[in-house]
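S.K.: sequence first, predicted model second:
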Amino acid sequence: MELSERNKLVIARVENFNYILRTAMLVLLGTLALCIFATGNAHIWPLSITIIGATLYGILAGNTAVNDLDALRKDMDEETKSTNYGASVMSAPLPVFRVILIVVYLAIAVSQLVMLHG
């Protein structure tokens with residue numbers, strides 16, 4: 001794979017990862033607002049399903065994007081790896097990002113579900 005093509009893929013996938021995280025977070029923020037301001041119990045189950053769906057989307061799609069970034073990083077040629085950019089990319093703690101992604105989304109989902117059903 002040519003370097004320019006690879007760089008375009010990396011940029012596109014990082015941007016896609018940002019969109020995934022932003023979409024899931026905005027949906028979860030919206031469900032939080034509904035949890036706080038809704039009255040009665042009719043909204044609990046549809047809202048719970050939305051919370052679970054947004055959480056799964058954020059975790060699964062976000063994890064797939066991190067996996068793709070890891071694969072693109074592993075495909076980096078030696079010349080690029082020896083640059084400052086390459087060193088920075090290779091030092092990015094992708095497993096830590098993956099754990100943070102999962103923990104944050106699960107914490108948000110569990111706290112909202114406890115608030116709804118507690």
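M.R.: Everything's here; your move. Residues are numbered from 1 along each chain as shown.

S.K.: now the most centrally placed residue in the chain: which helix or strand?
M.R.: With distances taken as CA atoms, centre = their mean, the chain has G62 as the residue nearest its mean C-alpha position (3.4 Å). Here G62, judged by DSSP states H and E, is contained in helix 44-74.

S.K.: what distance separates that helix from the centre of its chain?
M.R.: Relative to the mean C-alpha coordinate of its chain, helix 44-74 is positioned 6 Å out (CA atoms, centre = their mean, to the nearest Å).

S.K.: remind me, longest helix of the protein?
M.R.: Looking across the chain with DSSP state H, the single longest helix is helix 3-37.

S.K.: who are the packing partners of that helix?
M.R.: helix 44-74, helix 94-117 (3 or more CB pairs under 8 Å, 6 or more residues apart in numbering; DSSP states H and E). Using the backbone N, CA and C atoms, a C-beta is placed for each residue, glycine as well.

S.K.: and those: which comes nearest V10?
M.R.: For V10, the closest of those is helix 44-74, at 5.2 Å, according to CB to CB.

S.K.: let me see the contact set for the residue lying closest to A38 once chain neighbours are set aside.
M.R.: Excluding the flanking residues, the one nearest A38 by CB to CB, 6 or more residues apart in numbering is L47, at 7.5 Å. L47 sits next to T31, L34, C35, A38, L116 when contact means CB atoms under 8 Å, 6 or more residues apart in numbering.

S.K.: and the closest residue to I102 other than its chain neighbours, how far is that from V89?
M.R.: Once flanking residues are discounted, I102 sits nearest to I59: 5.6 Å by CB to CB, 6+ apart. Distance of I59 to V89, computed by CB to CB, to the nearest Å: 24 Å.
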